[in-house]
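Engineer: Predicted model and sequence below, questions to follow.
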Amino acid sequence: MTVVAAIMTRYCTAHASDSFVTAARSGGLVEVVDDQAPKLVRVPAWRGVIGYWGYAGDEPGGRTFEWLAAESTGAAKHGSAQAFAQHLAQALTTELRGRRFARPADGGLGLHFTVYECVSGYWVPELFLVSNWTDTSYSAVRPKGFSVTRETYATIRGLSERSPEHGEAGPRLEVHAAFHEQPLMLRFVNGDPVLFNPIANAMLDCFMAMRARGELHDPESAKTHLALVRRPVELVGRLVSDFASPGRRRVGGRPQDLAVSPGGVYESSTGK
């Protein structure tokens, strides 16, 4: 299992992940089969980034990252970011139904797909959640396969329901206004939110304290956003390395990060 996170502000969207790929072994143990695996994919056609957690693939040339990277090269032909997200959901449902798993949950996979959509002349961020997990316990997958939901409007409004209507112009412009009327940061995390969120919250508290003191160097820069999303992933990896029993470590390796601005400019502190 991966820790994957994304943050959004009016200035950019930034993603981070760990680099572990693990395989299930007997007795509930796992084996680390790759500690340098890339998990963040650029989607320039939609000023986007995909980060994935869960099933990483089990054969060269057919691994999840390679599959997503290949799909991203043809993203523009789908006509919109939403259409591409729906294509990914349909294609992944077909792809994974053709594979056998020792346990159905071994084929669980989720994507954070962030994009910028042009709405009334504004570049408005969105996060599409593409997933076949039933919930964040990651213990079961949906029999019907992958679904696609828009997350920004419901997150800002504190709604439990995700509706296709959230992609209409009105809600999208409300998202744009929310980012520009006040300092706002949305955070999305999957894989291991139980470990990630306390660390991220503590770091954000420190960041806000430094901001109140006027000590921050450049809070609007991509570099700052990358640090905000990457450091908790890095600390979770170190925590697990220090405390996890042998065969129980699921998170680690070199953390990865990638940011993209509303103008489509990509930056990374880890070379991704």
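Structural biologist: That came through, no problem. Numbering: from 1, shown residues only.
Engineer: the strands in the stretch 1-150 of the chain, which residues?
Structural biologist: 4-8, 13-17, 21-24, 30-34, 40-43, 48-54, 109-119, 122-131, 147-150 (DSSP state E, counting those that start in this stretch).
Engineer: possible to save the ones you listed as TSV with distance to E267, mean pLDDT and mean neighbour count?
Structural biologist: Backbone N, C-alpha and C define where each C-beta goes, glycine included. Shown next, in TSV, are the strands of the stretch 1-150 of the chain (distance: least, C-beta to C-beta, whole Å; pLDDT from 0 to 100; neighbours: other C-beta atoms under 10 Å):
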stretch	distance to E267	mean pLDDT	mean neighbour count
strand 4-8	14	96	26
strand 13-17	9	97	30
strand 21-24	25	82	18
strand 30-34	25	85	14
strand 40-43	11	98	22
strand 48-54	11	96	26
strand 109-119	14	97	22
strand 122-131	16	98	22
strand 147-150	25	98	18
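Engineer: closest one to R231 among the ones you listed?
Structural biologist: Across these, R231 has its closest neighbour in strand 13-17 (8.3 Å, C-beta to C-beta).
Engineer: among the strands of the stretch 1-150 of the chain, which is nearest S221?
Structural biologist: For the strands of the stretch 1-150 of the chain, proximity to S221 was assessed by C-beta to C-beta; strand 13-17 is nearest, at 10.6 Å.
Engineer: In the sheet, which strands lie alongside that closest one, parallel or antiparallel?
Structural biologist: The pairing partners recorded for strand 13-17 under DSSP bridges are strand 4-8 (antiparallel), strand 256-260 (antiparallel).
Engineer: now the last one and strand 48-54, what's the angle there?
Structural biologist: Spelled out, it's strand 256-260. Relative orientation of strand 256-260 versus strand 48-54 (axes from the mean of the first three to the mean of the last three C-alpha atoms, to 10 degrees): 150 degrees.
Engineer: average pLDDT for strand 256-260?
Structural biologist: When pLDDT is averaged along strand 256-260, the result is 98.
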